[in-house]
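1. I would like to see how this sequence folds:
(8 chains)
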There are 8 protein chains.
Amino acid sequence: MELTIYLAGQIHDDWRNEVKKAAEKRNLPLNFVGPQENHDRSDQVGVDILGEQPNKFMTDDAASSINNFRTKLLLEKSDAFIAFFGESYKQWNTAMDAGLAIQAGKPIILIRPESLIHPLKELSNQATVTVETIDQALDVLGYVYE
Amino acid sequence: MELTIYLAGQIHDDWRNEVKKAAEKRNLPLNFVGPQENHDRSDQVGVDILGEQPNKFMTDDAASSINNFRTKLLLEKSDAFIAFFGESYKQWNTAMDAGLAIQAGKPIILIRPESLIHPLKELSNQATVTVETIDQALDVLGYVYE
Amino acid sequence: MELTIYLAGQIHDDWRNEVKKAAEKRNLPLNFVGPQENHDRSDQVGVDILGEQPNKFMTDDAASSINNFRTKLLLEKSDAFIAFFGESYKQWNTAMDAGLAIQAGKPIILIRPESLIHPLKELSNQATVTVETIDQALDVLGYVYE
Amino acid sequence: MELTIYLAGQIHDDWRNEVKKAAEKRNLPLNFVGPQENHDRSDQVGVDILGEQPNKFMTDDAASSINNFRTKLLLEKSDAFIAFFGESYKQWNTAMDAGLAIQAGKPIILIRPESLIHPLKELSNQATVTVETIDQALDVLGYVYE
Amino acid sequence: MELTIYLAGQIHDDWRNEVKKAAEKRNLPLNFVGPQENHDRSDQVGVDILGEQPNKFMTDDAASSINNFRTKLLLEKSDAFIAFFGESYKQWNTAMDAGLAIQAGKPIILIRPESLIHPLKELSNQATVTVETIDQALDVLGYVYE
Amino acid sequence: MELTIYLAGQIHDDWRNEVKKAAEKRNLPLNFVGPQENHDRSDQVGVDILGEQPNKFMTDDAASSINNFRTKLLLEKSDAFIAFFGESYKQWNTAMDAGLAIQAGKPIILIRPESLIHPLKELSNQATVTVETIDQALDVLGYVYE
Amino acid sequence: MELTIYLAGQIHDDWRNEVKKAAEKRNLPLNFVGPQENHDRSDQVGVDILGEQPNKFMTDDAASSINNFRTKLLLEKSDAFIAFFGESYKQWNTAMDAGLAIQAGKPIILIRPESLIHPLKELSNQATVTVETIDQALDVLGYVYE
Amino acid sequence: MELTIYLAGQIHDDWRNEVKKAAEKRNLPLNFVGPQENHDRSDQVGVDILGEQPNKFMTDDAASSINNFRTKLLLEKSDAFIAFFGESYKQWNTAMDAGLAIQAGKPIILIRPESLIHPLKELSNQATVTVETIDQALDVLGYVYE
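-> The predicted model follows:
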């Protein structure tokens, strides 16, 4: 049984590659989807497709509408959802997308460091499982196949 | 027609009172609900009700389960949802609750300062309306009654 | 049993008053809700609340977000939906709102002149009832109370 | 990942072929579905299948029921929805189908010329993305695969 | 706690009055709603409101659209659904409305004579409760208040 | 695009074979599912699987629970629903299953002879399309592929 | 704001009275609903209303259909759900009803003694809040009003 | 047509193998999914993946969150649900999961011995079919393919 997993979280480092490698190492038949990982492309996609915008708000709004199109479509296609939080960045997208996924009834794995226990306590309590590392998240996904 | 509005956002200052005063000034028949606004009570409610917990994770998890109970019940009772973001605090709860409300089909007003346009661009794009001040949010609510 | 009826359609003449008078004449316990009927206010509400916008697109987008907030909230509160089409104006809002209401499972009355049978044939076929006059629409609503 | 895209809009010229060519040029694994594109067949299908009808209303109603059957089935099968508006024709079907798709939670791309910003402002505000050309719409679909 | 009960079934005799009397005798705070009980009015309501129709199909279709409007609205308002089947009449409306109510998650009481056990076996199996008399149905409703 | 069609209706003659032949003649990629067509097996399946039952009610209830299991599972798997009514038999199952399918949002084709216009008028009005022959129903299904 | 709370759990002692007294002591505007608390009536209601049944299975099935009617109706009317588990009795009803309430999106409070941590671990993990005493459950409900 | 069946019930003996063998014997194209069947692994999976926990409650809660992740994901993937109850063990998971499946609209087969008729009467009444042996359950599944 192939499963599709949405990977929500910041796009400043390559944690999604670690997830994919950990899945390959375990030979799990998982497909991973998620947001645009090229940060500049993600911020500029509105301008790239629609042309120069008159101000910062419209530049951001145009980009976000296209990012939301991608997320809405891929989230609907997913069987489970991983939300990854680190100590940097605001990551409000990740938290909003987790809310969308919870309300849509998707099973959720939250990955967060111990230092974020307190600010993420309500999100952790609504996630299906909370772990601290990518390896633990993959162990949870692997458990579905045991 | 009375309406019930959920007020999501940080609980470190009294912005909800400003909302309520602005509603009274306009004579709008609105009921406001939201999370526990006493910060200490919100953090300690797990211990207050269930007794001392063995560690920080369980202290936080107990509190968050009771906070989530309140939010889940009151969000369901609400006709619209205001998400208020300021420059301080992580406010991941607010972003997650906005996601829950969006997926549940509630009309959403996002209040955020100009400085947060960029990090909140996807949330703003999914909100029904985005404004910058409490007064503007109340103007939007008042418009429903015109 | 009081019922709330959403009145979708153009806002250039006072057809909604005719609906209300026809309901009063029949002593029906109906509440009517709908979009902002002051056309200028409807077009300018974005600027009125959020201030001058840098261009025509943003002026319109700001107004429409606030109009959509009102529609989304009041449509959810409604027990039935009337879509009124005349020979003037594009009325794409009305057609979109009818689609929203159909998918949400609301009972729909379509009012349209004979001259619009052809372009409205798919909408008419999905409406619960199609009539040609306001009086006929009120007869249908009155039938619920017989 | 193959995706199925519903193409809503007028059926008087061959804009859907442009969409398909633009997808082929980009090598995107997209399937396109939509309404009957032969205008005469679309208008006459009720008579073609059910035989002569006694009047214009029944001719139109019979055709529209079969067109709605096709739309309802194919819309449900679609992963995303494109609504294309031009300056001619009433296109109320397109606006209603957009409403059905929005309420069903499908991601929506609205294609409309600059001249229609004002009359389509509420629909644009509820679409996931708004663009002005077919090429831009395909750029958005292509972005999902980046 | 007042409850609203939809009474589906034939409209050729006054069984609904028996239901109402049985509720009064038990002092149950129940509101009963249902289809138009005047059979001629039910069949002629299309013509009464929309005027003479060109043929039998359109006469029936016009009436049925108005009857369906009433049913759709009142069924949505109901807390429970009674389907009453007797030995006469086709009663396909009743069976269809029972299907609509089951799929909508309403609690259902089926009243049917012993002689109809076989042809109603699948409907009986999907109803929440099956009884043989109006008094038994009211006993079931009364049990909710014990 | 392969489609699965549920064929509801009486199981006393082989009309489903006519449907299948008409689909083959048109080369349509359709899969047909439906109830058990062996009438004796359908009535006796409760006893066949669960053993002799103490009375007629339990014999029928056991059979109907297994028939409902099959219908519930296959209806969920279907893309469209055909309800076939003839002049014989009570066919309350068919009407109930049509109600279940309508409420579940499936596109519905009703096949009924002219003589049943009146008793099926409300069901016809809620069906997506109404036709009089199997060939017409297949023409409608074929139209989806044009 | 008055709230309605469903009280699921065994009906062998009067724990529901303790709940009501604890609510009164705190002056909380709560209405409590739940299953029939008279155990004999609950077991015999099928026979009481429908008459003697031919065997134990039918006696139980008749009673359970009427109990399920009551639960289905009252659960739908409830804003929150309390599941109370003690050390005696199988209480499979309570666990099933908790599953129904969780899937329906109701906020859930689980009350269970420490000795049942292990066998109720999955249910506890899906409940919104888990407590050990009735007083703690009422503290949680009271927290909604703070 | 391949179907996926969720097998809920205790994990102390190998009844699931009997189910699989009975399916193979009948050549039914069924995939079976369900909870972790290694009891120790099921109880220890929280500790196995997340490390030693400070107390029994957290050990159980960690395990249950991972078990619930598996169940939530696989239940969503299933076309039907079998709940197997024996005379030993509390099996509250099974009853809760049956409630989740019923509310999600899945067809349910309950397998239970005659001795459990009384305590499982409400669950049996809400299941789609109730049988006493694994062979009977497979007969029901086989009936879908006849």
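
2. wait, does the lengthiest helix in chain A contact chain C?
-> Longest helix in chain A by number of residues, with DSSP state H as the criterion: helix A:56-77. Yes: against chain C, helix A:56-77 shows contacts by C-beta under 8 Å from any C-beta of the partner chain at A:57-58. No exception for glycine: its C-beta is placed from N, CA and C like everyone else's.

3. now do that helix, average pLDDT.
-> Mean per-residue pLDDT for helix A:56-77: 97.

4. got the CA positions of it in CSV?
-> Written as CSV, here are the backbone C-alpha positions of helix A:56-77 (Å, rounded to 0.1, in the frame of the first residue of the first chain):
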residue,chain,number,x,y,z
LYS,A,56,4.8,44.6,-1.4
PHE,A,57,1.4,43.5,-0.2
MET,A,58,0.3,42.5,-3.8
THR,A,59,3.7,40.8,-4.4
ASP,A,60,3.2,38.7,-1.3
ASP,A,61,-0.5,38.1,-1.9
ALA,A,62,0.1,36.9,-5.5
ALA,A,63,2.8,34.5,-4.3
SER,A,64,0.7,33.2,-1.4
SER,A,65,-2.4,32.5,-3.6
ILE,A,66,-0.2,30.3,-5.8
ASN,A,67,1.4,28.6,-2.8
ASN,A,68,-2.0,28.0,-1.3
PHE,A,69,-3.2,26.5,-4.6
ARG,A,70,-0.4,24.0,-4.4
THR,A,71,-0.9,23.2,-0.7
LYS,A,72,-4.7,22.8,-1.0
LEU,A,73,-4.4,20.4,-3.9
LEU,A,74,-1.6,18.3,-2.4
LEU,A,75,-3.0,18.3,1.1
GLU,A,76,-6.2,16.8,-0.3
LYS,A,77,-4.2,14.1,-2.0
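
5. go through it and flag the buried ones.
-> A:57-75 (16 or more other C-beta atoms under 10 Å in any protein chain shown).

6. now stretch A:29-37
-> Quick answer for stretch A:29-37 (16+ other C-beta under 10 Å): A:30, A:32-37.

7. where does chain A dip in pLDDT?
-> Judged by pLDDT under 70, chain A has no weakly predicted residues.

8. top strand in it by residue count?
-> Scanning chain A for the strand with the most residues, using DSSP state E, yields strand A:3-9.

9. hmm, it in reach of chain H?
-> Yes: Strand A:3-9 is in contact with chain H by C-beta under 8 Å from any C-beta, via residue A:3.

10. how far off centre is the longest helix of chain A?
-> 14 Å (C-alpha atoms, centre = their mean, to the nearest Å).

11. could you give the angle of it to strand A:3-9?
-> Orientation check (axes from the mean of the first three to the mean of the last three C-alpha atoms, to 10 degrees): helix A:56-77 against strand A:3-9 gives 150 degrees.

12. tell me which residue in chain A sits closest to chain B.
-> residue A:99 (2.1 Å; C-beta to the nearest C-beta).

13. sec struct for that residue, please.
-> Following DSSP: H, G, I helix; E, B strand; the rest coil, the label given to residue A:99 is helix.

14. so how far is chain G from the closest residue to it other than its chain neighbours?
-> Using C-beta to C-beta, 6 or more residues apart in numbering or on different chains and skipping residues adjacent in sequence, the residue nearest residue A:99 is residue B:99, 2.1 Å away. For residue B:99, the distance to chain G equals 15 Å [C-beta to the nearest C-beta, to the nearest Å].

15. got a list of what residue B:99 touches?
-> Applying C-beta atoms under 8 Å, 6 or more residues apart in numbering or on different chains, we find residue B:99 in contact with A:95-103.

16. and with 6 Å instead?
-> Listed by C-beta atoms under 6 Å, 6 or more residues apart in numbering or on different chains, the contact partners of residue B:99 are A:96, A:99-100.

17. helices along chain A, start to end?
-> So, for chain A - with DSSP H - the helices run A:15-25, A:39-50, A:56-77, A:92-103, A:121-126, A:134-143.

18. ok, the closest residue in space to residue A:16 that isn't next to it in sequence - how many residues close by?
-> Once flanking residues are discounted, residue A:16 sits nearest to residue A:7: 5.2 Å by C-beta to C-beta, 6+ apart. Residue A:7 has 23 neighbours, counted by other C-beta atoms under 10 Å in any protein chain shown.

19. also the one 4 residues further on?
-> Residues contacting residue A:11 under the criterion other C-beta under 10 Å number 19.

20. then residue A:17?
-> As a measure of burial, residue A:17 has 11 neighbours, counting by other C-beta under 10 Å.

21. distance check, it against residue G:78.
-> Residue A:17 sits 47 Å away from residue G:78, going by C-beta to C-beta, to the nearest Å.

22. next one: residue A:110
-> 29 Å.

23. list the contacts for the residue lying farthest from the centre of chain A?
-> Largest separation from the mean C-alpha position in chain A: residue A:54, at 30.2 Å (C-alpha atoms, centre = their mean). The contact partners of residue A:54, by C-beta under 6 Å, 6+ apart, come to C:54-55.

24. same check on the one 3 residues further on?
-> Contact partners of residue A:57, counting by C-beta under 6 Å, 6+ apart, are residue B:117.

25. for the one residue in chain A that gets nearest to chain E, which non-adjacent residue is closest in space?
-> The minimum distance from chain A to chain E, using C-beta to the nearest C-beta, falls at residue A:105 (16.6 Å). Excluding its sequence neighbours, the residue lying closest to residue A:105 (C-beta to C-beta, 6+ apart) is residue H:76, at 7.4 Å.

26. phi first, then psi, for residue A:86.
-> Main-chain torsions, residue A:86, degrees, to the nearest 10: phi -120, psi -180.

27. ok, it to chain H distance?
-> 19 Å.

28. tell me, how many residues neighbour the nearest residue to that residue once chain neighbours are set aside?
-> In space, and not counting its chain neighbours, residue A:86 is closest to residue A:10: 6.3 Å by C-beta to C-beta, 6+ apart. Residue A:10 has 18 neighbours, counted by other C-beta under 10 Å.

29. cool, residue A:2 as well?
-> Counted with other C-beta under 10 Å, residue A:2 comes out at 8.

30. just confirm it contacts residue A:29, I think it does.
-> Yes: counting by C-beta atoms under 6 Å, residue A:29 is a contact partner of residue A:2 at 4.7 Å.
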